[in-house]
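K.L.:
Take this sequence and fold it.
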Amino acid sequence: MSGIFGDTLTLAQEEGGDVQLVAFGDDKYARYETVDGYSVVYDEVRGCYCYAEADGGGAGRRFVSSGTPISGPPPEGLPRHLREGQVYRRDVVKERLMEMVPEEERAGTDPDTLLTFGPEKGLLPGFALTQGDIQGLTILVDFPDTPTQVTVDDVSALLNSPHFTANGNSCSVKEFFRTMSTDRLRFTNTVVGPLRLSRPRLAYGLKANRGKLVPEALQAAIDAGVDFARFDSLGRGVVDSICIMYAGPTEFREDLWPHNSRFPAQIGGVRTDFYTVTSIGDTAADLSIGTFCHESGHLLCRWPDLYDYGTAEREGDDFTSAGLGTYCTMAAGNNLGDGFLPSAVCVYLRRLVGWTHDVDISRPGVYEARQGEYDKALIFQNPQRRNVEYYLVENRSALGFDSLLTSSGLAVYHCDIKGSNEFQSGTPVNHYQCALLQADGHLDLETNRNQGDGADLYGPTLGTAVSHGSRPASLWWDGTESGLTISGISAPGEVLTFRTGEQGVAGTLVTGASAPGATIPEDDVGGLTDEIVLQGEGTVRDLTVTIDIEHPRIGDLRVVLMAPSGRRAVIHNRTGGDAKNLRVTLDSQPPSLLAPLIGDAVPGSWKLRITDAVASAAGELRRWSLAVRTGT
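P.N.:
Sure thing, here's the model as predicted:
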C-alpha cells in the first residue's frame, strides 16, 4: 500500500479537466477534500468530482454525490471535513484486505492482522522471497486514450541497470534491494509491452470497474505469448512477482492507486499470486524507483507498512499518526525526492527477513555504527520477550540513501513484532510495531505533527542521551526499566560511535551555590540570569536544585534551569497564583521536571533564568544551589 497523508494531488476528470484535491488514505480506503476543506466523491454519472453529502448517520454513514460539481460553490449549509462512519470505513477496508487472503484461509483470518500487526513474526502473511535470484515479470500497459512513448528499454533500465541514475534516481530497483540485503536478494525484472487495454484510462479509476485492470493486463500478456513459467524461480508452481505499470501519471483511486495485492489465476502450469500496480508516468523522465521499491517490499519480503492508515477503526482508534515517517521506505520514506531518492529500509525490517547479523549491545562498552552497513543489527533484547520486543540502534547520518532525511545521527528504535503502527498511544497493549525514539521528546510522529524533523535523531552527546530517566525513556512497553543506556554519541558521519552501560553508580558529589540578591526585572522577556560554574568530570546521574526567590505573586514567574550543553528544564511556569515567595527544592528522581538534564555533562556554566510576566511588584533572587551526583 502507498499511503497519502494530506498531500495535494492533481486528479483527472472525464469532464471539466484536472482538479486539485487533498487526499487521505491508501488503495484500501481514501477520502478526498477540496483545498478549502469540503469532502468530495467522484460522480461516475457526471464524470467529475462533486461535493459529498452524508447518506445516513452514525457509524454506518457513507458518502453520496450531491450532484454539485466542485467547479461551483458548495450546497448551502454543507459542513467542511465530512467523514464517513467508522463502521462503514472499517467494512470497506476489511473487504479489500480479505481479497489478499486465499479463500480457504479467510474463515480463520483476522483482517486487522493484514494491516501492521505482522502475524508472521512481524511480517505479512504469504511466502517471502528474500534470498537468491528472483526473476519478476513487469507488464507495461497503456490505454486507447493514453498511449505511452516510454519504452521497454526505459523501464528495464529503471528496474535492472547496475548504474542507473537517470532523472536523479539513486539507483535501479535491483540495486536498491541488492544493497539493502547486502547482495542476498537479486531482484531482476523482464519487461514486456506496452500492451493496450480495452478501456479509457480513467475507467479503471471507477468503482464500477474495480478489479478489472489486473486480469486484463494478465490476459494481454498471455495473448502476447509471455511464458509465465519462466518466473517461477523456486519451482513452486507460483509466479514469483508480477508488476503492472500503467501509462500516465499516478491516479490515486481504485485500480490505479499504487498497491500490492493478490490475484490467483492458473496460467498453464503455474498460478499467479501477489502483484503490484504502479504508474509509468507521462515520459521516461517521470520514472522513479520509490513507489516500485515500496510495493515490491510488500510483494517480495512481506514487509508491513510502518505507517498509520487512520481510516479504519482499530479497536476504537481512528486517529492518524505518522508511524515511522520518512525514516523507512515502508513508511513515508519512499516519497523522498519525489520518489527518486527513497530512504533506506530500516534495520527492523531488514532484520525480520534475515538480512542482518546481530551485535549484542547489552554489554557495557563503546560500539561503532557505520552508515550503510545494512547487514548489521545493533540490538538490545528484552530477556523476557526475546525476538519479540527489543531496541535497535542504527546510524542514519544524512548520506547515501538517507541524504534527504530531515535529521542526521543515531536512530534508536523500540520494536515489538506484536505491535502495530496504527497504535500511537504507547501503552503496554497499544503501541507501535517499530517506534523511533525522537531525541527531542516531542512525539511528533505519534501526534502526526510531521513525517520527521531535524531533532529526531541523536547528535553529538557528551553525556547520557537515552536511559530509564531520559525523555523519551528506554523502558519496555510494560513500563519496566530495560537497562539500555546510551551515552557519548559522536557526530553524524560514515562512522558513528556511542557507549552503552551506566555511567557510574556512586560517583562524585559536585556542588555549587550563588547568592546574588539580584532584582528580577518586571515585564521583561529577558528576565534575570544567574550562573553557577561547576568543576568536575562525568555526567549527571542525580541532580538537586534549591531556589529561594522573594516575590509577591509567584504566578507571574517562569524559572528555567539550563545546563552547559544548552539543555533546559522548566522548573516553574507561572503557577501558584497569588502565593508569595518561591522556596523549593527539586530532585531528579522520576517523575521529575529535571529529567531532561539527566545524563548531561557536569562541568561548565549552569544558568538559572527567571522572567516576570507582569509589571506589578519587583521580586528578588536571594540564593540558589546545585548538587550533582556524577557518573564515572
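
K.L.:
which ones are touching residue 579?
P.N.:
For residue 579, the contact set (CB atoms under 8 Å, 6 or more residues apart in numbering) comprises 553, 554, 555. For every residue, glycine as well, the C-beta is placed using N, CA and C.

K.L.:
for these, which one is nearest residue 36?
P.N.:
residue 555 (41.5 Å; CB to CB).

K.L.:
tell me the secondary structure for the closest one?
P.N.:
helix (DSSP: H, G, I helix; E, B strand; the rest coil).

K.L.:
Burial check on it, number of neighbours?
P.N.:
As a burial measure, residue 555 scores 15 neighbours (other CB atoms under 10 Å).

K.L.:
Output the contacts of residue 579 as JSON lines; include the columns distance to residue 85 and pLDDT.
P.N.:
Shown next, in JSON lines, are those (distance: CB to CB, whole Å; pLDDT from 0 to 100):
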{"residue": "553", "distance to residue 85": "51", "pLDDT": "89"}
{"residue": "554", "distance to residue 85": "49", "pLDDT": "90"}
{"residue": "555", "distance to residue 85": "45", "pLDDT": "88"}
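
K.L.:
ok, so of the residues you listed, who is nearest residue 621?
P.N.:
For the contacts of residue 579, the nearest to residue 621 is residue 554 (12.6 Å; CB to CB).

K.L.:
Touching, the closest one and residue 584? I think so.
P.N.:
No - contact criterion CB atoms under 8 Å: residue 554 and residue 584 do not qualify, at 9.7 Å.

K.L.:
hang on, the earlier thing: how about the contacts of residue 579 in TSV, adding distance to residue 153?
P.N.:
Shown next, in TSV, are the contacts of residue 579 (distance: CB to CB, whole Å):
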residue	distance to residue 153
553	77
554	75
555	73
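
K.L.:
Mind splitting the chain into its structural domains?
P.N.:
Following automatic domain parsing, the chain resolves into domains at 4-96, 115-301, 354-500, 509-630.

K.L.:
For the ones you listed, could you give me TSV that also reports distance to residue 334?
P.N.:
TSV is the format used below for the domains of the chain (distance: least, CB to CB, whole Å):
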stretch	distance to residue 334
domain 4-96	12
domain 115-301	4
domain 354-500	11
domain 509-630	34
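
K.L.:
Of these, which is nearest residue 338?
P.N.:
Residue 338 lies closest, by CB to CB, to one member of the domains of the chain: domain 115-301, at 6.5 Å.

K.L.:
per-residue pLDDT, the spatially closest residue to residue 487 that is not a sequence neighbour?
P.N.:
Among residues not flanking residue 487 along the chain, residue 464 sits closest, at 4.2 Å (CB to CB, 6 or more residues apart in numbering). At residue 464, the pLDDT value in this model is 84.

K.L.:
can you confirm residue 464 is in a strand?
P.N.:
Yes - secondary structure of residue 464 (three-state DSSP): part of a strand.

K.L.:
gap between it and residue 63?
P.N.:
Separation of residue 464 from residue 63 (CB to CB, to the nearest Å): 52 Å.

K.L.:
between the two, who's got more neighbours?
P.N.:
Between residue 464 and residue 63, counted using other CB under 10 Å, residue 464 has the larger neighbour count: 24 against 20.

K.L.:
Return the residues in contact with the more buried one.
P.N.:
Applying CB under 8 Å, 6+ apart to residue 464 gives the contacts 470, 485, 486, 487, 503, 539, 540, 598, 599, 600, 631.

K.L.:
now with 10 Å?
P.N.:
Shown in contact with residue 464 (CB atoms under 10 Å, 6 or more residues apart in numbering): 470, 485-489, 499, 502-503, 539-541, 598-601, 631.

K.L.:
For it, give its distance to residue 9.
P.N.:
Using CB to CB, we find residue 464 at a distance of 44 Å from residue 9.

K.L.:
cool, residue 133 as well?
P.N.:
37 Å.

K.L.:
The two: who's more crowded?
P.N.:
A side-by-side neighbour count of residue 133 and residue 9, using other CB under 10 Å, places residue 9 first with 17 against 9.

K.L.:
What is the neighbour count of the residue lying closest to residue 175 once chain neighbours are set aside?
P.N.:
In space, and not counting its chain neighbours, residue 175 is closest to residue 162: 6.4 Å by CB to CB, 6+ apart. Around residue 162 there are 9 other residues, counting by other CB under 10 Å.

K.L.:
what helix or strand does residue 162 sit in?
P.N.:
Of the helices and strands defined by DSSP states H and E, none includes residue 162.

K.L.:
residues contacting it?
P.N.:
Applying CB under 10 Å, 6+ apart to residue 162 gives the contacts 171, 172, 174, 175, 178.

K.L.:
Next up, the contacts around the last one.
P.N.:
It stands for residue 178. Contacts of residue 178 (CB under 10 Å, 6+ apart): 162, 171, 172, 184, 185, 186, 187, 188.

K.L.:
Now render those residues as CSV, adding secondary structure, pLDDT and distance to residue 21.
P.N.:
Below are the contacts of residue 178 laid out as CSV (DSSP: H, G, I helix; E, B strand; the rest coil; pLDDT from 0 to 100; distance: CB to CB, whole Å):
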residue, secondary structure, pLDDT, distance to residue 21
162, coil, 94, 39
171, coil, 95, 32
172, coil, 97, 32
184, coil, 97, 41
185, strand, 97, 37
186, strand, 97, 40
187, strand, 96, 34
188, strand, 96, 37
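
K.L.:
Turn these into TSV, columns for distance to residue 72.
P.N.:
TSV is the format used below for the contacts of residue 178 (distance: CB to CB, whole Å):
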residue	distance to residue 72
162	53
171	47
172	46
184	56
185	52
186	54
187	49
188	51
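
K.L.:
Partner strands of the helix or strand hosting residue 246 and their direction?
P.N.:
Counting by DSSP H and E, the element that carries residue 246 is strand 242-247. If you go by DSSP bridges, strand 242-247 pairs up with strand 132-142 (parallel), strand 274-281 (parallel).

K.L.:
Which among those strands is found nearest to residue 372?
P.N.:
Comparing these by CB to CB, strand 132-142 comes nearest, at 22.6 Å.

K.L.:
what's the spacing between that closest one and its chain's center?
P.N.:
Between the centre of strand 132-142 and the centre of its host chain there is 28 Å, according to CA atoms, centre = their mean, to the nearest Å.

K.L.:
Dump it to PDB, restricted to CA.
P.N.:
Output of strand 132-142 as PDB, limited to C-alpha atoms (Å, rounded to 0.1, in the frame of the first residue of the first chain):
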ATOM      1  CA  GLY A 132      18.700 -15.500  -4.300                       C
ATOM      2  CA  ASP A 133      17.900 -14.600  -7.800                       C
ATOM      3  CA  ILE A 134      14.300 -13.600  -8.300                       C
ATOM      4  CA  GLN A 135      13.100 -13.000 -11.900                       C
ATOM      5  CA  GLY A 136      10.000 -10.800 -11.900                       C
ATOM      6  CA  LEU A 137       7.600 -10.100 -14.800                       C
ATOM      7  CA  THR A 138       6.800  -6.400 -15.400                       C
ATOM      8  CA  ILE A 139       3.900  -5.700 -17.800                       C
ATOM      9  CA  LEU A 140       3.600  -2.300 -19.300                       C
ATOM     10  CA  VAL A 141       0.000  -1.300 -20.300                       C
ATOM     11  CA  ASP A 142      -1.500   1.700 -21.900                       C
END
